[in-house]
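[1] Kindly return the folded structure for what I paste below:
(one chain, ligands or ions: 2)
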Amino acid sequence: MVTNELARHLAEISRETGRQIGVLITREGAIKHVVVGDAHELMLPDIGRLRGGAGRFRGLRLVHTHLRGEALTADDLNDLALLRLDMVVVVQATADGLAGNIEVAYLDPARLAVDDDGPMPDPFVHVHARSARALELDLVATMSALEDEFARVVAAARGPADAERALVIGVRLDDQHFEETLELVRAANIVMAGTLRQRRKYVHPRTVVGRGKLQEIILEGMRRSADVAIFDVDLKPAQARAFEDATGMKAIDRTQLILDIFAQRARSRDGKLQVELAQLRYSLPRLTDQDAGLSRIAGGIGGRGPGETVMEIGRRRIRDRIRRLEKQVGQLAKQRNLRRQRRQREGIPVLSIVGYTNAGKSTLLNALTSSDIAAANQLFMTLDPTSRRLRFPQEGEVIITDTVGFISELPADLLTAFHATLEELADASLLLHVADASDPHVDDKIDTVNDLLRELDLGDVPTLCVLNKADAVDPDELRALVARHQAVAVSALRREGLEELLAIAEARLASTGPTSTPSP
Ligand SMILES: Nc1nc2c(ncn2[C@@H]2O[C@H](COP(=O)(O)OP(=O)(O)OP(=O)(O)O)[C@@H](O)[C@H]2O)c(=O)[nH]1
Ligand SMILES: [Mg+2]
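    Ligands and ions are numbered 1, 2, ... in the order given. As a prediction, the model looks like this:
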């Protein structure tokens, strides 16, 4: 691990200079880097990306001196975990310039093995010795055993599939918010490797989570074999970059997660264009030259200059693409406008279904019109708007539309991108605000939807609150909810309460509809 000569040499120079001295050594014994610190600490150089990927250590160990008898520090363990070093060895430089006690720490992957969801045991092994000669550890044999174990842990966590695996990180204290994030991950078809919550209010300005939490994330990422970290909040570009540099995991924030779901769901040309536009706008300030996506974009450019140039070319191409998409989206909006005007001339009233995602909007449209729009217990199942004709019990026909659901803190870029789609809601004579009565947070979600409607300048469109999933709620609770929100209760799934809903909707339309004069 460290020869007597090296230990003495390092101790001597440390004492002479009054600084910590460190060396990074390969398993073959070659010294790759020499690092000169100050009296208290050592800043390691950027030693580049990890070779070989999961289940391996870096093949470099750090041997360095301490001048004041300090034990191996939390920073040492952090470096060990962050850089996946083979080992960290601390040699005490004594007052007379000799090598004193030695302390070694390494990561034991066996302790990372996931056998339950309990707290993670301390994964570090500490070895103490009076001198280099007294260290009875065969480096090569030990590292090879540790890596075998590491590979086993990774393989056990990963299983046979090699899809990208995500560690979901809850930065907020809010449980409901975190549960919703897990639902989003599920909706995005991402393999969930594990979850991790931050237990304090404070969000680190630079890396989102503090250094201690960062180490926990890295270890958790190792034991669960995670490639990406998904956050329940949005990250600033610099925060995401700092996190990625520190952990080697790709950082995905909440907006990117939602955009990813939208990209998977978009079927119509319009929807696809809008989602791509939102994605590009969001990723532009987040590009780094290490992005695989970017090198693909910038591919074919000879002589791959400095990163900055490649990045600029990537950025320019993305900006060009954004401009093209904006033009196409604008053209489609014009065509849509023409269709709207035609419909308005025909004078058929429009009933639009709005509401929080997964409230049962599509199921309701299906039940009312005997259609078969895809409905599922999944967030953002519906993306593209669908319209159907519906005959009212008394007389007259209406058009009823279903569209994308709302969510709390809907990303601004998405709201912008979907403005055109959502604008059509302004034509509605009546909005059916569908809410999931069986959701314990139904009141909050109704508020969220109402806030978003106001934000979209739809606050003045007549609205009827429909409490869906009545079959799954206690009758007393349902009665209270109905009274509180002046709502109609239905079960779209069991087709219950639909006649009443139609009768009330028709009466509302009659009093506000475009064909009759508005009542005073
Ligand atoms: N128990 C019960 N479940 C329902 C009812 N209506 C819908 N669901 C279920 O709720 C889930 C969501 O239904 P969807 O119709 O896809 O909801 P949505 O509002 O269109 O959702 P998004 O398109 O994802 O925003 C599905 O699993 C439905 O089967 C109901 O009346 N009772
Ligand atoms: Mg739907």
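[2] any idea of the mean pLDDT for the strand ranked longest in the chain?
    Taking DSSP state E as the criterion, the chain has its longest strand at strand 99-107. Mean pLDDT, strand 99-107: 95.
[3] contacting residues for whichever residue of the chain sits closest to ligand 1?
    In the chain, the residue that lies nearest ligand 1 is Gly405 (2.7 Å; CB to the nearest ligand atom). No exception for glycine: its C-beta is placed from N, CA and C like everyone else's. By CB atoms under 8 Å, 6 or more residues apart in numbering, the contact set of Gly405 is 355-359, 361, 379-380, 382.
[4] ditto for Leu173
    Listed by CB under 8 Å, 6+ apart, the contact partners of Leu173 are 198-201.
[5] Quick one, which of those residues are buried?
    By neighbour count, with 16 or more other CB atoms under 10 Å, the contacts of Leu173 hold Gln198 as buried.
[6] burial of Ser371, as a residue count?
    Ser371 has 15 neighbouring residues, counting by other CB atoms under 10 Å.
[7] What of Arg317?
    13.
[8] Give the buried residues for the helix or strand hosting it.
    Element membership of Arg317 [criterion: DSSP states H and E] is helix 307-346. Across helix 307-346, burial judged by 16+ other CB under 10 Å covers 310-311, 314-315, 318, 325, 328-329, 332, 336, 343.
[9] what does stretch 55-73 give?
    Residues of stretch 55-73 classed as buried: 55-67, 72 (neighbour count, 16+ other CB under 10 Å).
[10] For the stretch 351-500 of the chain, what lies in contact range of ligand 2?
    Counting by CB under 5 Å from the ion, the stretch 351-500 of the chain comes close to ligand 2 at 361-362, 381-382.
[11] looking at those residues, which has the most residues close by?
    For those, the largest number of neighbours (other CB under 10 Å) sits with Lys361, at 31 neighbours.
[12] Kindly provide the distance from that one to Ala74.
    Separation of Lys361 from Ala74 (CB to CB, to the nearest Å): 51 Å.
[13] now Lys250, nearest residue through space, not along the chain?
    Nearest non-adjacent residue to Lys250, counting by CB to CB, 6 or more residues apart in numbering: Val228, 4.3 Å away.
[14] Now that that neighbour has come up, it's in contact with Met249, right?
    Yes. Assessed by CB atoms under 8 Å, Val228 is found in contact with Met249 at 5.8 Å.
[15] Could you check which of the two has the larger neighbour count?
    When neighbours are counted by other CB under 10 Å, Met249 comes out ahead of the other of Val228 and Met249, with 21 against 18.
[16] can you tell me which residues contact Ala134?
    Neighbouring residues of Ala134 by CB under 8 Å, 6+ apart: Ile102.
[17] neighbouring contacts of whichever strand or helix holds Ser511?
    Using DSSP H and E, Ser511 falls within helix 498-512. Identification of contacts with helix 498-512 by CB under 8 Å, 6+ apart yields 349, 351, 367-368, 392-394, 396, 398, 429-430, 432, 462, 464, 466, 488, 490, 492, 516, 518-519.
[18] In the contacts of Gly405, which residue is surrounded by the most others?
    Highest neighbour count within these: Lys361, with 31 neighbours (other CB under 10 Å).
[19] dump the residue contacts of that residue.
    Taking CB under 8 Å, 6+ apart as the test, what Lys361 contacts is 353-355, 382, 402-403, 405, 434.
[20] need the strands for the stretch 101-250 of the chain, in chain order.
    Per DSSP state E, counting those that start in this stretch, the stretch 101-250 of the chain carries strands over the ranges 124-129, 165-170, 191-197, 228-231, 250-252.
[21] Neighbouring strands of the last one in the sheet, and parallel or not?
    Sheet pairing of strand 250-252 (DSSP bridges) gives strand 228-231 (parallel).
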